[in-house]
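# Pasting the sequence and the predicted coordinates here, then a few questions.
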Amino acid sequence: MAVTAAMVKELRQATDAPMMDCKKALTACEGDFEKAKEWLRERGIAQSAKKADRIASEGSLGIKIADTYKSASLVEVNSETDFVAKNDGFKALLGNTVNQIFTTGVSTVEELQETGYDNGTFSEFFTQEVARIGEKIEIRRFVTVNAGENGVVNGYVHANGRVGVIVAAKCDSEKTAELMAPMLKNIAMHAAAMSPKTLSYKDFDPKFVEEETIGRIEAIKKENEELARLKKPLKNIPQYISRMQLTDEVLAKAEADIKAELIAEGKPEKILGNIIPGKIARFIADNTSLDQELALLDQKFVMDDKLTVAEALEKEAKSHGGTAEIVDYVIYNLGEGLEKKVDDFAAEVAAQMG
C-alpha cells in the first residue's frame, strides 16, 4: 500500500524516529503501523532518537593513516560519558567509522551516512551499534588530508583519545617525502602536546594580533606593578608580539638602535657585524611571544628546544639531501566548543518517582 505523509507523521510522533526512517519502516512493512514500530525498535532507531536532546560531549578521536603515508583521516565521535568511550563496543565503532571515512573519501557526515556498508547503509549500521551500546553517540566531524605530488602525510592521536593531529608536507622529491614520514609523526606528537592553534603567524588575523598586543602589554605592566612592590626584577615589556608586526622598517630601526647602543658602549666598529645578528635574533624572539605560543612552525620543538619546529623540519630534510615544507595542519581537541551537560541526579530520581 502507498505510504502517506500522515502515516509518516503519526509514526514519528509515536517513536521520535527521524522522518526518513519512519518512511523506510512503513514502506518495508507495507504500511503496517505496529510492524513499522517494531522495525524501528529492532534497529535501535526509535531508542536512539529519544536520546537526541542529550549532549554528547565525551567520546574519542580516531585516526587512519595510509601505509604509503599519502593520506590520513581523523574523526571525532562523541558519546555522553567518558565511561562508554572506554568500552570495546565504542572503540570498535570508532575504528569502523574512521575506516569507512578513509575508504570512501567522503567529506561530510551526511555523505558518510549514505555510503554502502554490509547489506545496507553506514547510517543503518551505526544506528544499530549505538542501540547495542545504549547511549547517545554521534559523529561530530572528520577530515581527510591527501598528499599531493612529492607529498607526505602523518598523524597522531594521544593515548587518551582527546587530542588528534594530522600534518602534511610537500618535499622536493618522492624519495625525501618517504624519508620524512617519521619526522612528521614527531611533529604531530609535538602538536598534540603543545596545542598550536594555527600553522604559521601568517595565518593570524591582523585585528586579533593588534588586540592581543594591547592585552599582553597591559597584563605585563600590571604584573610588573606587583613585582615592583615585592622588590623583584621586572619583566621586559615587548613592543610587539608577532613576526607579522616586524616589518622591514621595524627590523631596520631595531638594527640601527642596537648598533648605536653598541657604539655607545665603546664596542669597536669592526666587530659589530659579529654581534648585531645575535642581537637581532634576540629582538625577534622577545617580540614574537604570540607566534611561539600559537603557531606550530614558530614553537620550540619539544624534541630539540634549540630549534623551532620549522628549523627542525628543515634540518631533518637537509639530512636526507632534500627540502620539506609543511603545507597542512589539522588539530582536533575532543569536545572543543561543545557544552557539557551537568546532571542533577536528585532531580532525575524525583522525576522518575513522580
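It's in.

# How is this protein partitioned into domains?
According to automatic domain parsing, the chain comprises the domains 5-49, 58-181, 201-324.

# Serialize these to CSV and add fields for distance to residue 187 and mean pLDDT.
To be clear about C-beta, it is placed using only N, CA and C from the backbone, and glycine gets the same treatment. Listed next are the domains of the chain as CSV, based on distance: least, CB to CB, whole Å; pLDDT from 0 to 100:
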stretch, distance to residue 187, mean pLDDT
domain 5-49, 39, 79
domain 58-181, 5, 95
domain 201-324, 6, 95
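
# All the strands of the stretch 251-354 of the chain, in order from the start?
Ranges of strands in the stretch 251-354 of the chain, per DSSP state E, counting those that start in this stretch, are 300-301, 304-308, 324-333.

# Let's have those in JSON lines, adding distance to residue 164.
Putting the strands of the stretch 251-354 of the chain into JSON lines (distance: least, CB to CB, whole Å) gives the following:
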{"stretch": "strand 300-301", "distance to residue 164": "20"}
{"stretch": "strand 304-308", "distance to residue 164": "23"}
{"stretch": "strand 324-333", "distance to residue 164": "5"}
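
# coming back round to it: out of the domains of the chain, the one nearest residue 337 is which?
Closest of those to residue 337 is domain 58-181, at 9.7 Å (criterion: CB to CB).

# which residues sit in contact with residue 72?
63, 64, 65, 66, 102, 144, 145, 153, 154, 155, 166 (CB atoms under 8 Å, 6 or more residues apart in numbering).

# Can I get the buried part of those residues as one PyMOL selection?
Burial among the contacts of residue 72 is assessed by 16 or more other CB atoms under 10 Å; the matching PyMOL selection reads:
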select buried, resi 63+64+65+102+144+145+153+154+155+166
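
# buried set for the lengthiest helix in the chain?
Of all the segments of type helix in the chain, defined by DSSP state H, the longest one is helix 206-229. For helix 206-229, burial by neighbour count (16+ other CB under 10 Å) applies to 209, 212, 213, 216, 220, 224.

# Mind telling me the two of the residues you listed farthest from one another?
So, the buried residues of helix 206-229 by CB to CB: farthest apart are 209 and 224, at 22.2 Å.

# measure residue 219 to residue 289 for me?
Distance check for residue 219 against residue 289: by CB to CB, to the nearest Å, it reads 11 Å.

# hang on, the earlier thing: indicate which one of the strands of the stretch 251-354 of the chain is closest to residue 172.
Ranking the strands of the stretch 251-354 of the chain by proximity to residue 172 (CB to CB) places strand 324-333 first, at 7.7 Å.

# what are the ranges of the helices in the stretch 151-300 of the chain?
Secondary structure of the stretch 151-300 of the chain (DSSP state H, counting those that start in this stretch): helices at 174-179, 181-194, 206-229, 248-264, 272-286, 289-294.

# Equivalent analysis for the stretch 1-150 of the chain, please.
For the stretch 1-150 of the chain, the helices defined by DSSP H, counting those that start in this stretch cover 5-15, 19-28, 33-42, 45-49, 82-85, 88-104, 109-114, 122-133.

# Quick one: residues in contact with the second one.
Residues from elsewhere that reach helix 19-28, judged by CB under 8 Å, 6+ apart: 3, 7-8, 11-12, 15, 17, 32-33, 36-37, 39-40, 45, 49.

# Narrow these to those that are buried.
Applying 16+ other CB under 10 Å to these, the neighbour count classes 3, 7-8, 11-12, 15, 17, 36-37, 39-40, 45, 49 as buried.

# Now flag whichever of these is closest to residue 182.
For those, the residue nearest residue 182 by CB to CB is residue 45; the value is 44.7 Å.

# coming back round to it: pull the most distant pair out of the contacts of helix 19-28.
Farthest apart among the contacts of helix 19-28 by CB to CB are 32 and 49. That separation is 19.9 Å.

# Show me the one of the helices of the stretch 1-150 of the chain that comes nearest residue 304.
Among the helices of the stretch 1-150 of the chain, helix 88-104 comes nearest to residue 304, with 31.3 Å by CB to CB.

# what's the closest one packed up against?
Helix 88-104 sits against strand 58-65, strand 71-79, helix 109-114, helix 122-133, strand 137-146, with contacts defined as 3 or more CB pairs under 8 Å, 6 or more residues apart in numbering; DSSP states H and E.

# so what does the shortest one touch, helix or strand wise?
Taking 3+ CB pairs under 8 Å, 6+ apart as the contact definition, the neighbouring helices and strands of helix 109-114 are helix 88-104, helix 122-133, strand 137-146.

# Please point out which parts of the longest one sit buried.
When you say that, I think you mean helix 88-104. Under the neighbour-count criterion of 16+ other CB under 10 Å, helix 88-104 has 90, 93, 94, 96, 97, 98, 100, 101, 102, 104 buried.
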